[in-house]
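Asks: build me a model:
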Amino acid sequence: MTAPAEIAIAALLVIGGAFGAVGSWALVRLPDPMTRLHGPTKAATLGVGAVLVASMAAMWFRHGIVSWHELLVALFLFVTAPLTGLFIAKAHLHLSWQRDELPRPGADTDWATYAERAAANPATEAAPPPPHRR
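Replies: Numbering: from 1, shown residues only. Here you go, the predicted structure:
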């Protein structure tokens, strides 16, 4: 393996480790769950992605073959990483807000269309959002 290839692989590993460290720090230190959810999702996609690219490059430069395992892991990671943010956000909603403080859904639609329905019908004003609670 050539020296520039080793330097590039080492740089990718350091970048991946740095993203992992920053994501872990963000999960612990940010003030509330809605800001905390960005740390692990970004660290998972960028940090582990850089490590997987480094692994693919090492296989290419050392053995001359393309390793498809890393691509499959990266695909699985990019599909499932947003679910981490979704579950942290749902946990925040369930732990921080009372059920009667949440906006009421429309008559025959899901709760996500509440603001859209109120904007479409200016005669009915949307209730102000409840105060943020910790």
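Asks: what residues of the helix or strand containing Phe61 count as buried?
Replies: Here Phe61, judged by DSSP states H and E, is contained in helix 48-63. Of the residues in helix 48-63, Val48, Gly49, Ala50, Val51, Leu52, Val53, Ala54, Ser55, Met56, Ala57, Ala58, Met59 count as buried by neighbour count, 16 or more other C-beta atoms under 10 Å. In short, each C-beta sits where N, CA and C put it, glycine included.
Asks: dump the residue contacts of the first one.
Replies: It refers to Val48. By C-beta atoms under 8 Å, 6 or more residues apart in numbering, the contact set of Val48 is Gly16, Gly20, Ala74, Leu77.
Asks: can you rerun that using 10 Å?
Replies: Residues counted as contacts of Val48 (C-beta atoms under 10 Å, 6 or more residues apart in numbering) are Gly16, Phe19, Gly20, Gly23, Val73, Ala74, Leu77, Phe78, Ala81.
Asks: next: the last one.
Replies: Contacts for Met59 (C-beta under 10 Å, 6+ apart) come out as Ile65, Val66, Ser67, Trp68, His69, Glu70.
Asks: chain neighbours aside, what residue packs nearest to the residue sitting nearest the centre point of the chain?
Replies: Centroid-nearest residue in the chain: Thr41, 2.7 Å away (criterion: C-alpha atoms, centre = their mean). Nearest non-adjacent residue to Thr41, counting by C-beta to C-beta, 6 or more residues apart in numbering: Gly85, 4.6 Å away.
Asks: helix or strand for that neighbour, which one?
Replies: Element membership for Gly85, per DSSP H and E: helix 68-96.
Asks: quick one, phi psi at the residue nearest to the centre of the chain?
Replies: Main-chain torsions, Thr41, degrees, to the nearest 10: phi -70, psi -40.
Asks: ok, it to Gly49 distance?
Replies: Distance from Thr41 to Gly49, counting by C-beta to C-beta, to the nearest Å: 12 Å.
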